[in-house]
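Colleague: Got a predicted model here, sequence first, then my questions.
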Amino acid sequence: MTTQDSEATPDLVIDGWFIYMIKLLDTGLRPEVERIAGSRGFTAAQYTALTVLLSRPGITSSELARRSFVRAQSMAGTLGPLIEQGLISRAPDPDNARRLLLRTTPRGRAAVTRLQDEVATLQDRLVAGLDEQQLDALSAALRLLRNNVQDLNTTTP
């Protein structure tokens, strides 16, 4: 291998580069998120479910699974312990008694709140060096990417 072959070309963007970088971020953050969630007896998936329900109360388990990009069966296993611990409640939908709507309970909100300082510290470390304008642009781009991924998962080729 020559020196030229081993030198990285930072400006080179090949097909799949963005996907690769997003996967690197996910893989790099996962151990820290697991550690933070685990410090309070949660898995990362359980912490994610609680935070999604805080921002979107009153959704079904299947809707929560779609928003979390997991199968409904996986979400059922994630939610079971949270319901048993009284962190999430299920109640019939007033418009359709066959649908059960999920919400965090006061205990669930308190559990998430106890993790917020550590999560905020991790996020601050992640975005260190970005100014407010860059953070706003990143936030807008991430929302658009999330919506695009949701569209990918709801359409069939």
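Modeller: Looks like it came in fine.
Colleague: So for the residue most central in space within the chain, what's the nearest residue that isn't a sequence neighbour?
Modeller: Residue closest to the average C-alpha location in the chain (C-alpha atoms, centre = their mean): residue 48, at 5.3 Å. Ranked by C-beta to C-beta, 6 or more residues apart in numbering and with sequence neighbours excluded, the top spatial neighbour of residue 48 is residue 68, at 5.8 Å. All C-beta spots, glycine's among them, are computed from the backbone N, C-alpha and C.
Colleague: Surely residue 76 touches residue 62?
Modeller: No - Residue 76 is beyond contact range of residue 62, at 9.7 Å (criterion: C-beta atoms under 8 Å).
Colleague: Which stretches in this structure count as strands?
Modeller: 88-93, 96-104 (DSSP state E).
Colleague: Let's have the ones you listed in JSON lines, adding distance to residue 124.
Modeller: Conversion of the strands of the chain to JSON lines gives the following (distance: least, C-beta to C-beta, whole Å):
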{"stretch": "strand 88-93", "distance to residue 124": "28"}
{"stretch": "strand 96-104", "distance to residue 124": "24"}
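Colleague: could these go into CSV alongside mean pLDDT and mean neighbour count?
Modeller: Listed next are the strands of the chain as CSV, based on pLDDT from 0 to 100; neighbours: other C-beta atoms under 10 Å:
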stretch, mean pLDDT, mean neighbour count
strand 88-93, 94, 15
strand 96-104, 92, 15
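Colleague: Residue 127: which of these is closest?
Modeller: Checking the strands of the chain against residue 127 by C-beta to C-beta gives strand 96-104 as the closest, at 26.0 Å.
Colleague: report the angle between the axes of that closest one and strand 88-93?
Modeller: Put simply, strand 96-104 runs at 160 degrees to strand 88-93, going by axes from the mean of the first three to the mean of the last three C-alpha atoms, to 10 degrees.
Colleague: Check which helices and strands strand 96-104 sits against.
Modeller: Under the contact criterion of 3 or more C-beta pairs under 8 Å, 6 or more residues apart in numbering; DSSP states H and E, strand 96-104 touches helix 44-55, helix 61-68, strand 88-93.
Colleague: Which of these has the highest mean neighbour count?
Modeller: The highest average neighbour count among these, using mean count of other C-beta atoms under 10 Å, belongs to helix 44-55 at a mean of 19.
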